[in-house]
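Student: Everything below, folded, please.
(2 chains)
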Amino acid sequence: MGKSRYNEKTILKQLKDSNLREAAFTCIVRQYSQQIYWLVRNMVLSHDDADDIVQNTFIKAWNNIEKFRGDAQISTWLYRIAINETLTFLDKKQNNISIDSPEGSIAKQLEDDTHFNGDKADALLREAVSKLPGKQRIAFNMKYFENMKYEEISDILGTSVGALKASYHIAVKKIETYLEEND
Amino acid sequence: MTLNDYKNKKRPFSTPEGYFEELEKNILHKSCGTVKRNCTPCKPRRNIAVWSKWVSFAAMVAIVALIATATHDVQKQGNDNKQGKNTYAGVNNKSHNTQTSSEIDAEYIDNMLSSYPIDDYTFYSCLTGY
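Tutor: The predicted model follows:
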């Protein structure tokens, strides 16, 4: 069966109709699941963690679908849910890290990961990014890895474009310093 | 290495084979309880709706005009029959005419006289055959 053409206006209309809601949601999942996955994966690094977060994101979206007013784009709404889920996950993970875990083990974990195909330099970069504080890390990921515009990121995070630019600039400096020190 | 050096590098992550198809199924199963449904968003019908409205309107106008014409024809035929203007009955269909014979004759004669500039004697000869 061929892919139907995604039309946001039609989908929004269908979401308001209880008989068509499931079909519309299926279209949304098909359209955005990969994008959301890669956004999350870049932040949490592990495939299994990303898989959990993405599924939770869409389940939450479905449970709140009647509340979605259509005042933002569906993608913006989904990204917000995904980022909240990711931040919650990262906070939990941070709290669960034992004191004995060696610093800089993320690069080692990545190199041992079967779903990581990068080299040492890639692993080190990801490690450097993981050292950034929550929102800065997310903003950096969206700008650098997802190549999103500042305006899009601003819409999703609710942060001004100016603040995002400043945050990104600081993040770049931190990462470059980390890479130089650990190269 | 600077960050720019990493920019052109390929994404270093991979997924298990067929993962995204499974992901869709899992999401739909856990959320709305369906495994897979047809994704068939409504096609925009706006143009067709506008076009069909005009066609319907034109059809209505045509039907009304047809009925009006048919009704008018029937009425006209009825009137024509009453006034003796039916061509198959002939011009001098006296059986349907309410006028008297003397009036018709007088009218007929007057018309003849005005149409044909002849003297009274010649006219009398035409009428009587002498």
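
Student: Can you list phi and psi of residue B:13 for me?
Tutor: The phi/psi pair for residue B:13 (degrees, to the nearest 10) reads phi -100, psi 150.

Student: actually residue A:45, not the one I typed
Tutor: Here residue A:45 shows phi and psi, under degrees, to the nearest 10, equal to phi 70, psi -40.

Student: quick one: it from residue A:91, how far?
Tutor: According to Cβ to Cβ, to the nearest Å, residue A:45 and residue A:91 sit 16 Å apart. C-beta coordinates here come from the backbone N, C-alpha and C atoms, glycine included.

Student: More neighbours: which of these two?
Tutor: residue A:45 (22 against 11; other Cβ atoms under 10 Å in any protein chain shown).

Student: for the helix or strand harbouring residue A:56, the distance to its chain's centre please.
Tutor: For residue A:56, the host element (DSSP states H and E) is helix A:47-63. The chain centroid and the centroid of helix A:47-63 are separated by 11 Å, computed with Cα atoms, centre = their mean, to the nearest Å.

Student: Flag every buried residue along that helix.
Tutor: Across helix A:47-63, burial judged by 16 or more other Cβ atoms under 10 Å in any protein chain shown covers A:47, A:49-51, A:53-62.

Student: So which helix or strand of chain A has the lowest pLDDT on average?
Tutor: helix A:105-112 (a mean of 83; mean pLDDT, DSSP states H and E).

Student: quick one: residue A:27 from residue A:54, how far?
Tutor: Counting by Cβ to Cβ, the gap from residue A:27 to residue A:54 is 17 Å.

Student: Repeat that for residue A:159.
Tutor: From residue A:159 to residue A:54 the distance is 23 Å (Cβ to Cβ).

Student: just residue A:47 next, same as before
Tutor: From residue A:47 to residue A:54 the distance is 10 Å (Cβ to Cβ).

Student: which intervals of chain A have sub-threshold pLDDT?
Tutor: A:1-4, A:95-104 (pLDDT under 70).

Student: for the residue of it found nearest chain B, helix, strand, or coil?
Tutor: Using Cβ to the nearest Cβ, residue A:118 is the residue of chain A that sits closest to chain B, at 2.6 Å. Following DSSP: H, G, I helix; E, B strand; the rest coil, residue A:118 is assigned to coil.

Student: Tell me if I'm right that residue A:70 and residue A:13 touch.
Tutor: No: the criterion here is Cβ atoms under 8 Å, and residue A:70 misses it with residue A:13 at 9.2 Å.

Student: then the least confident helix or strand of chain A to CSV, C-alphas only?
Tutor: This file holds the C-alpha atoms of helix A:105-112, laid out as CSV (Å, rounded to 0.1, in the frame of the first residue of the first chain):
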residue,chain,number,x,y,z
SER,A,105,32.5,6.6,30.5
ILE,A,106,29.9,7.7,28.0
ALA,A,107,32.4,7.5,25.1
LYS,A,108,33.4,4.0,26.2
GLN,A,109,29.7,2.9,26.5
LEU,A,110,29.1,4.2,23.0
GLU,A,111,32.0,2.4,21.5
ASP,A,112,30.7,-0.8,23.0
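
Student: confidence score at the residue of chain B found nearest chain A?
Tutor: Of all residues in chain B, the one sitting closest to chain A is residue B:12 (2.6 Å; Cβ to the nearest Cβ). pLDDT recorded at residue B:12 is 89.

Student: same thing with residue B:82?
Tutor: 61.

Student: again with residue B:8
Tutor: Confidence score, pLDDT, at residue B:8: 67.

Student: Phi first, then psi, for residue A:132.
Tutor: On the backbone of residue A:132 - angles per degrees, to the nearest 10 - the values are phi -70, psi 150.

Student: how many neighbours does it have?
Tutor: When neighbours are counted by other Cβ under 10 Å, residue A:132 comes out with 19.

Student: what about the nearest residue to it once chain neighbours are set aside, distance to residue B:14?
Tutor: Nearest non-adjacent residue to residue A:132, counting by Cβ to Cβ, 6 or more residues apart in numbering or on different chains: residue A:171, 5.6 Å away. When distance is defined by Cβ to Cβ, residue A:171 is 26 Å away from residue B:14.

Student: if you count what's nearby, which of these two comes out ahead?
Tutor: residue A:171 (23 against 14).

Student: Against which helices or strands is whichever strand or helix holds the more buried one packed?
Tutor: Following DSSP H and E, one finds residue A:171 within helix A:161-182. In this structure, helix A:161-182 packs against helix A:120-130, helix A:134-140, helix A:150-157, helix B:3-7, with contacts taken as 3 or more Cβ pairs under 8 Å, 6 or more residues apart in numbering or on different chains; DSSP states H and E.

Student: All good on my end, thank you.
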